[in-house]
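Undergrad: need a structure here:
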Amino acid sequence: MSLFEQAEAKNLDRAKPLAARMRPQTLDEFVGQEHFLGEGKLLRRLITADRLGSVLFYGPPGCGKTTLARLLAVAGRRLYRQLSAVTSGVKDLRAVLEEARDELAGGGRKTVLFIDEIHRFNKAQQDALLPDVEDGVISLVGATTANPFFAVNSALVSRSQVFQFEPLSPEQIRTLLQRALAEPHRGLGRHDVTIDDDALAFLAEVSDGDARRALAALEIGVLSSNERPLVFTRRLAEESVQRKAVEYDATGDSHYDAASALIKSIRGSDPDAGMYWLARMLEAGEDVRFICRRLIILASEDIGNADPHALPLAMAAADACEYIGLPECQLPLAQTVAYLACAAKSNAATVAIGEARRDIREGRLLPVPRHLRDAHYGGAKQLGHGEGYQYAHDAEGGVAAQDYLGVEKEYYRPVDRGFERELQQRLEIIRGKLRSGNPTDAAPSAETE
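TA: Numbers count the residues shown, from 1 in each chain. Coordinates of the predicted model:
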């Protein structure tokens, strides 16, 4: 490289943001993802054995997908090529694949092909990768923020190892920030900066596991301050952080993950977690009707008769949201989430209808007992329909000693919580009286039919 080319490269490197300059140069510098990259873990073993095939990296932004792809090529002494599914077409893809075949045939060197946002490729583009993936011409590294099992062709997924990246922890973000402050060439070490523990903790927490965001805030704070030496305070950190757009696809994986977290938090009786996931969905612009539908379903599915007020409250919240709209409808939604989370829980009705429908699907079909059949037409009496039927309101306590099913079967089993505790006691008395009656029709057992 000539002196002129060296100067150009240096100038280009200096223009890069801090996050790009601080990218790890070796696997030992890489921070995070120990669950598959730690000592003895799968990806580390594949790298050590030089058996890297094709992989899909799935996870949120700023957690190291692009960086790790580069390091895989370095560790395996392989050629590295990068494409973006947003800007590249089939022509670009075929050119890179042809180069990879020539490189392998001519010098025996394999190529790591990194494709960012691989889920943006259409089916034809993804299918174009299959022959070279199968033949081992390339080690494909596809990065995606969308669940690959939904967003990537199943043929490509089946030929790849899927590694799910997790957001970096606050401790890992702190490590990266401290490394950037200490590094004199690639980082900010030459700027004579010390950072308060409070500021460091704030940046590590507010970055939400995104290393790029944390390093960008640090760089903004340092470069926008003329004071040297600089004490990087909590106030400066707060001024340097931009509000992060919530990562959320209203039709994709994050949509269903957030809804799942909301429902499971309420089911688990945690109003604080429920409030957070509700806020997350609202901030991301989730359809309020979708939230209301989920809460209505939960009120019956997970609370049921343990608290009969849950369903009317969820319905009222849905009506209120339609009537007042955003942003005010966040209030009845918050009230409902808090109430449902704290309510007594029972899935007894959910289990009951599930068991009853399963019996029917599996062929356990019972005839309607003759005394319960419709007797309001001419000739019904001649058939014996309605004969022996006892009007429940005329019986003592409103319960007649009468069979209504033809077999002895318990689907509904109230739990010993909330209002269902009272129903449990009441039902024990009711069932005792019902079973004292003799069925007018002999019917085969549901278990033996």
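Undergrad: need the strands for the stretch 151-300 of the chain, in chain order.
TA: When secondary structure is read from DSSP state E, counting those that start in this stretch, the stretch 151-300 of the chain shows strands at 161-164, 193-195, 230-232.
Undergrad: actually the stretch 1-150 of the chain, not the one I wrote
TA: With DSSP E, counting those that start in this stretch as the criterion, the stretch 1-150 of the chain has strands spanning 55-58, 79-84, 111-116, 138-144.
Undergrad: out of those strands, flag the one nearest Phe30.
TA: Closest approach to Phe30 among the strands of the stretch 1-150 of the chain (C-beta to C-beta): strand 55-58, 12.8 Å. Backbone N, C-alpha and C define where each C-beta goes, glycine included.
Undergrad: got the CA coordinates for that closest one in PDB?
TA: C-alpha atoms of strand 55-58 as PDB (Å, rounded to 0.1, in the frame of the first residue of the first chain):
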ATOM      1  CA  VAL A  55     -25.200 -20.300  10.200                       C
ATOM      2  CA  LEU A  56     -28.100 -17.900  10.800                       C
ATOM      3  CA  PHE A  57     -27.600 -15.100  13.400                       C
ATOM      4  CA  TYR A  58     -30.900 -14.000  14.900                       C
END
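Undergrad: am I right that Phe337 is in a helix?
TA: Let me fix one detail, which is that residue 337 is Val and not Phe. Yes. Going by DSSP: H, G, I helix; E, B strand; the rest coil, the assignment for Val337 places it inside a helix.
Undergrad: measure the closest residue to it other than its chain neighbours to Glu286 for me?
TA: Spatial nearest neighbour of Val337, chain neighbours left out: Gly274 (4.6 Å); criterion: C-beta to C-beta, 6 or more residues apart in numbering. For Gly274, the distance to Glu286 (C-beta to C-beta, to the nearest Å) stands at 14 Å.
Undergrad: these two: who's more crowded?
TA: Higher neighbour count among Gly274 and Glu286: Gly274, with 26 against 19, using other C-beta atoms under 10 Å.
Undergrad: quick check: that one vs Pro167, distance?
TA: In terms of C-beta to C-beta, Gly274 sits 21 Å off from Pro167.
Undergrad: just Asp127 next, same as before
TA: Asp127 is 32 Å from Pro167, by C-beta to C-beta.
Undergrad: with neighbour numbers in mind, choose between these two.
TA: Pro167 (19 against 13).
Undergrad: for that one, what are its contacts?
TA: 59-60, 62-63, 208-210 (C-beta atoms under 8 Å, 6 or more residues apart in numbering).
Undergrad: got the residues you listed as CSV, with distance to Leu43 and pLDDT columns?
TA: Converted to CSV, the contacts of Pro167 look like this (distance: C-beta to C-beta, whole Å; pLDDT from 0 to 100):
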residue, distance to Leu43, pLDDT
Gly59, 13, 87
Pro60, 18, 83
Gly62, 19, 84
Cys63, 14, 89
Asp208, 24, 79
Gly209, 19, 85
Asp210, 21, 88
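Undergrad: show me which of these is closest to Ser88.
TA: Relative to Ser88, the closest of the contacts of Pro167 is Gly59; by C-beta to C-beta it sits at 21.4 Å.
Undergrad: neighbours of the closest residue to that closest one other than its chain neighbours, how many?
TA: Leaving out its chain neighbours, the residue that sits closest to Gly59 by C-beta to C-beta, 6+ apart is Phe165, at 2.7 Å. For Phe165, the neighbour count with other C-beta under 10 Å is 23.
Undergrad: surely Phe165 and Gln33 touch.
TA: Yes. At 5.8 Å, Phe165 and Gln33 qualify as touching, with contact defined as C-beta atoms under 8 Å.
Undergrad: domain assignment for this protein?
TA: Using automatic domain parsing, the domains assigned to the chain come out as 32-164, 170-240, 253-342, 371-435.
Undergrad: save these as JSON lines, and put in distance to Met22 too.
TA: Shown next, in JSON lines, are these (distance: least, C-beta to C-beta, whole Å):
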{"stretch": "domain 32-164", "distance to Met22": "10"}
{"stretch": "domain 170-240", "distance to Met22": "5"}
{"stretch": "domain 253-342", "distance to Met22": "27"}
{"stretch": "domain 371-435", "distance to Met22": "53"}
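Undergrad: which one of these lies closest to Leu18?
TA: That would be domain 170-240 among those, by C-beta to C-beta, at 4.0 Å.
Undergrad: circling back: in the contacts of Pro167, find the pair that's most separated.
TA: So, the contacts of Pro167 by C-beta to C-beta: farthest apart are Gly59 and Asp208, at 12.8 Å.
Undergrad: for stretch 88-107, which positions count as buried?
TA: Of the residues in stretch 88-107, 88, 93, 96-97, 100-101, 103-104 count as buried by neighbour count, 16 or more other C-beta atoms under 10 Å.
Undergrad: greatest separation within these: which pair is it?
TA: Ser88 and Leu104 (21.0 Å).
Undergrad: okay, and the beta partners of Ser139?
TA: Per DSSP bridges, the residues bridged to Ser139 are Val112.
Undergrad: mind pulling up the pLDDT for it?
TA: Note for Ser139: predicted pLDDT of 91.
Undergrad: you'd agree it is up against Val112?
TA: Yes. If you go by C-beta under 8 Å, Ser139 and Val112 touch, sitting 4.9 Å apart.
Undergrad: any shared contact partners between those two?
TA: Joint contacts of Ser139 and Val112 (C-beta under 8 Å, 6+ apart) are 52, 72, 76, 78.
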